[in-house]
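> Got a sequence here, can you model it:
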Amino acid sequence: MKPVNMPISIFLALLLHLLVLVLLVWQGSLARQVKIIQPSVPIIKATMMAEDPATTRREKAQQDALEEQQKQQAKAAAEQQKQLQIKREQEERKKKAEQERKADQERKAAQERQLQIKRQQEEELKKKAEQERKAEQDRQLQLKKKQEEERKKKAEQDKKIEQEKQSELKRKQEAEENKKTAAELQRAEEEAIRQRIEERRKQEAEHQRAEDARIWQEAERVRAEKVAKQAAIDADAVAGMESIMFDMISRQWTRPPGVSNALQTVLQVRLLGTGELAINGIIITKSSGNAAFDRSTVQAIERAAPFPLLRLEPRQRDKFRQIEFIFTPEDLTQ
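Presented below is the predicted three-dimensional model:
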C-alpha cells in the first residue's frame, strides 16, 4: 500500500465499523419488538460478514444472549402453565371434597330424620300403653273402692244387728228381773229373736254373695270386652301387615316363562322382630312341581325383605315369627 492511500483506507474501515454497529443496534431493537408482539415466532438470524472479527464475536454473543433469554422466557411460561394446571387440579379436588361433604351431611340428616320418626312412633306406643295401664288401674281402683264400701256397709249392718241383739238381750235381762215367773215366755222370745237375727243374717249373707257375684261378673265382662277389643285390633293390624307384605312380594315377583296360572306353591317364612328374614328363613313346604316358579317366589320374598314389622306392637309382631304364604301366578299378578 502506498502512503498516499492510507487515510482513505482508515476512513473506509471506520465507515464500515460504524455501519456494522448501526445494523447491530437496529437488529437488537427489532428483536425486542418481535419478542413483545409475537414471542412464539422464531427470529430470523441475520449474519453480516465483516472484516473485523471482534465485531462478529460481539454480534454472535448478543445473538446467543438473545436466544438464551428466549429459552428462559419459554421455560418460565411453561412453568407458569404447569402451576396453573396444578392449581386447577387442586380446585377440582377441593370442589369434589366439598360435594362429598355435602352429600355426607344430607345422608346423615336423612338418617337423623328416620331416627326421629322411629323415636316418635315408640313414644306414641309407650304413651298409648301408659294410658291403657292407667285406665286399668283406675278400673281396679274403682272396683276395690266399691268392694270396700260393700264391706263397710256389711260391717255396719253386722254392728247394727249386734247392737239390736245386745239391746234385745238387755231387754230380756230386764224382763227376767221383772218377770222371773215368765222364764218360759222369755226363752220363747229369745228364740224368736235369735231366729229373726239368724234369718236376717242369712238374708244379708245371701245378698252379699249375690252382690259379690254381680261385681265379679261385671269385672269379667269388662275384661272380656277389653280382650275382645284388643283381639280385634290385633287381628286388623295383622291382616293389614299381611296385605302389605303380600303387595311387597308381588311387586318383586318376576314371572318365569311358560308358567301356568294353575300352579300353587306353599312357603313357610321365618322373620325376626325387625322384619328381616331369619337365617335359612324360607322353606318350601309344598312345591308347585315347577322349579322355576318355586324359585321365583323365594327370590321375590328375599328381594322384598325386610318387612315393616316395627309398625306393629310387640305382641302383634309375634304373629309373624313364622308365617305361611300360598302363592299362585294369578294371585301374584293381581
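> where exactly do the helices run in the stretch 101-250 of the chain?
Counting by DSSP state H, counting those that start in this stretch, the segments of the stretch 101-250 of the chain that form helices are 183-252.
> Checking the closest residue in space to K286 that isn't next to it in sequence next. Helix, strand or coil?
For K286, ignoring the flanking residues on the chain, the nearest one in space by CB to CB, 6 or more residues apart in numbering is V266 at 3.7 Å. The C-beta positions use only the backbone N, C-alpha and C, and glycine is treated the same way. With DSSP: H, G, I helix; E, B strand; the rest coil as the basis, V266 sits in strand.
> what ranges of the protein fall below the confidence cut-off?
1-7, 30-52, 334 (pLDDT under 70).
> biggest strand in it by residues?
strand 277-286 (DSSP state E).
> Need the CA coordinates for that one. CSV is fine.
In CSV, the C-alpha atoms belonging to strand 277-286 read as follows (Å, rounded to 0.1, in the frame of the first residue of the first chain):
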residue,chain,number,x,y,z
LEU,A,277,-85.5,-62.7,57.2
ALA,A,278,-84.1,-65.2,59.7
ILE,A,279,-81.1,-67.4,58.6
ASN,A,280,-82.5,-70.1,56.2
GLY,A,281,-85.9,-68.4,56.9
ILE,A,282,-87.6,-69.6,53.7
ILE,A,283,-88.8,-73.3,53.4
ILE,A,284,-90.9,-74.7,50.5
THR,A,285,-93.4,-76.9,52.4
LYS,A,286,-95.3,-77.7,49.2
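> Show me the residue at the heart of this structure, geometrically.
With distances taken as CA atoms, centre = their mean, the residue of the chain nearest its centroid is Q114 (3.4 Å).
> show me where the chain has strands.
Going by DSSP E, the chain shows strands at 265-271, 277-286, 322-327.
> if we can go back for a sec, just name whatever secondary elements the longest strand of the chain is in contact with.
strand 265-271, helix 291-304 (3 or more CB pairs under 8 Å, 6 or more residues apart in numbering; DSSP states H and E).
> can you list these in CSV and add mean neighbour count and distance to Q316?
Converted to CSV, the helices and strands packed on strand 277-286 look like this (neighbours: other CB atoms under 10 Å; distance: least, CB to CB, whole Å):
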stretch, mean neighbour count, distance to Q316
strand 265-271, 18, 13
helix 291-304, 17, 19
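> which ones are touching R270?
L277, A278, G281, I282, R321, Q322 (CB atoms under 8 Å, 6 or more residues apart in numbering).
> Filter those down to the buried ones.
The neighbour-count test (16 or more other CB atoms under 10 Å) marks L277, G281, I282 as buried among those.
> Return the member of the residues you listed nearest to E199.
G281 (71.2 Å; CB to CB).
> Am I right that that closest one is in contact with V269?
Yes: with contacts counted by CB atoms under 8 Å, G281 reaches V269, the gap being 6.0 Å.
> TSV for the strands of the chain, including distance to Q140?
Shown next, in TSV, are those (distance: least, CB to CB, whole Å):
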stretch	distance to Q140
strand 265-271	36
strand 277-286	39
strand 322-327	35
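> Quick check: which of the ones you listed is nearest to R107?
Per CB to CB, nearest to R107 of these: strand 277-286, 25.5 Å.
> Quickly run through the sheet partners of the closest one, with directions.
strand 265-271 (antiparallel) (DSSP bridges).
> what pairs with the residue nearest to K286 across the strands?
K286, I326.
> R139 and V222 touch, don't they?
Yes: in this structure R139 lies within contact range of V222 using CB under 8 Å: 6.6 Å.
> What about the closest residue to E150 other than its chain neighbours, how many residues nearby?
Spatial nearest neighbour of E150, excluding adjacent residues (CB to CB, 6+ apart): E211 at 6.1 Å. Residues contacting E211 under the criterion other CB atoms under 10 Å number 15.
> could you measure E211 against Q203, distance?
12 Å (CB to CB, to the nearest Å).
> before we move on, the earlier item: how far off strand 322-327 does the longest strand of the chain point, in degrees?
Our comparison of strand 277-286 with strand 322-327, counting by axes from the mean of the first three to the mean of the last three CA atoms, to 10 degrees, yields an angle of 50 degrees.
> what angle sits between strand 277-286 and helix 291-304?
160 degrees.
> if I look at L277, how far off is D104?
30 Å.
> Same check on K145?
60 Å.
> repeat for A210
In terms of CB to CB, A210 sits 74 Å off from D104.
> which ones are touching the residue nearest to T265 when sequence neighbours are not counted?
Closest residue to T265 apart from its sequence neighbours, by CB to CB, 6+ apart: S288 at 4.0 Å. By CB under 8 Å, 6+ apart, the residues touching S288 are L263, Q264, T265, D294.
> Out of these, the closest to E98 would be?
Nearest member of the contacts of S288 to E98, counting by CB to CB, is D294, at 50.8 Å.
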